[in-house]
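Visitor: okay, here's the prediction I keep looking at, along with the sequence it came from:
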Amino acid sequence: MAPTSPVVARWELVLRLRELREQRGFDSAGFARAVGFTPANWSHVEKGRRMLTRRTIGPVLDQLEVPAEERAELLDLLTAGKERGWWAKSALIGPELQRYYGMEHGAQSIRSYDSLVIPGLLQTEAYARALISADVMIRPAQVDQLVAMRMRRRKRLHGPDPAEVTAVVGEATLVQQIGGPQVLRNQLEYLSGLLHTRANVEVRVIPFTATAGAILGGASFHLLDFSGYLPTFGWAESAVFGGPVDNPDQVRDLAFAYVRALDQSLSRTESLALIEKYLGV
């Protein structure tokens, strides 16, 4: 089981409440009035923009006639959602990125695609520092803190219940000298070490020779999956944008694109051999 994440707990709570409301045949506006909310405020609840309390959730559960066992589960989610994860204690990242880090912390498996850089979860400290320092929007005084946050995320690769991570990357990521030759070399050595020692980490390389290798261009995206009730969470990035993909159809499109990228990639063994070829091993 993945560790408990307040972000994931809040997401599950609002999704389950909305599903119960729809199953019971209530429209959103009518239900809001029945439980003491304005329609606008209840809409904020269902979209995760407003948190319920022990006091305000009581009439909601009563109106939905939630049985005792499920009621206890929902109250546990409410309690877990009140906690603050480590990612929420920094003013350097905005609410959307905090949401992503919280989702990543509680994910059972993570699928990533990136044609240009190694995904953040698999970066060395020096590689991450080179990327973060190159961002003209980031002040030098902020770099150390942002690098430390990126390194903390790597804890999900280890421990008793690590995330299952599969990263599909373009071969260009193995030769682009981000930070210089030695930084790149250390990054490739780190990837090699993960593939030799961590069964939960998979790196799959799309070689330059792949006939449709550039099919996704410079896109970067992540698909996070959870045990139990929750659907896949999507996140997409470009040079100037990074944000959640909340439309289920678009999440399915990303999942399809991921499968196409995976089909173009080398196997785990072949990808490791290519990484070590660049290392001269």
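Guide: Thanks, I have the structure now.
Visitor: so Val143 touches Ile132, yeah?
Guide: Yes. Counting by CB atoms under 8 Å, Ile132 is a contact partner of Val143 at 5.5 Å. Just so you know, the C-beta spots here come from the backbone N, C-alpha and C atoms, and that holds for glycine as well.
Visitor: quick check: the gap between Leu122 and Tyr190.
Guide: From Leu122 across to Tyr190, the span is 8 Å (CB to CB, to the nearest Å).
Visitor: and Val143 and Ile132? which has more neighbours close in?
Guide: Under the criterion of other CB atoms under 10 Å, the comparison of Val143 against Ile132 puts Ile132 first, with 19 against 15.
Visitor: where does that one fall, secondary structure wise?
Guide: Using DSSP states H and E, Ile132 sits in helix 125-133.
Visitor: buried residues in that helix?
Guide: Within helix 125-133, the residues scored as buried using 16 or more other CB atoms under 10 Å are 125-132.
Visitor: export these to JSON lines and append columns for pLDDT and distance to Trp235.
Guide: Formatted as JSON lines, the buried residues of helix 125-133 follow (pLDDT from 0 to 100; distance: CB to CB, whole Å):
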{"residue": "Glu125", "pLDDT": "98", "distance to Trp235": "23"}
{"residue": "Ala126", "pLDDT": "98", "distance to Trp235": "25"}
{"residue": "Tyr127", "pLDDT": "98", "distance to Trp235": "20"}
{"residue": "Ala128", "pLDDT": "98", "distance to Trp235": "18"}
{"residue": "Arg129", "pLDDT": "97", "distance to Trp235": "22"}
{"residue": "Ala130", "pLDDT": "97", "distance to Trp235": "22"}
{"residue": "Leu131", "pLDDT": "95", "distance to Trp235": "17"}
{"residue": "Ile132", "pLDDT": "95", "distance to Trp235": "18"}
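Visitor: looking at Leu122 and Tyr190 now, which is surrounded by more residues?
Guide: Leu122 (22 against 18).
Visitor: that one contacts Ala167, correct?
Guide: Yes. Contact criterion CB under 8 Å: Leu122 and Ala167 qualify, at 5.9 Å.
Visitor: residues that sit against both of these two, list them.
Guide: Taking CB atoms under 8 Å, 6 or more residues apart in numbering as the contact rule, Leu122 and Ala167 both touch 201, 203.
Visitor: so what secondary structure elements neighbour the helix holding Ile132?
Guide: Applying 3 or more CB pairs under 8 Å, 6 or more residues apart in numbering; DSSP states H and E, one finds that helix 125-133 contacts helix 140-153, helix 181-197.
Visitor: could I get it in PDB with only the CA atoms?
Guide: Extracted as PDB, the C-alpha positions of helix 125-133 are listed here (Å, rounded to 0.1, in the frame of the first residue of the first chain):
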ATOM      1  CA  GLU A 125      20.900  16.100  -7.200                       C
ATOM      2  CA  ALA A 126      23.400  17.700  -9.600                       C
ATOM      3  CA  TYR A 127      21.200  17.000 -12.700                       C
ATOM      4  CA  ALA A 128      18.200  18.600 -10.900                       C
ATOM      5  CA  ARG A 129      20.300  21.500  -9.800                       C
ATOM      6  CA  ALA A 130      21.400  22.200 -13.400                       C
ATOM      7  CA  LEU A 131      17.800  22.100 -14.600                       C
ATOM      8  CA  ILE A 132      16.400  24.300 -11.800                       C
ATOM      9  CA  SER A 133      19.300  26.800 -12.000                       C
END
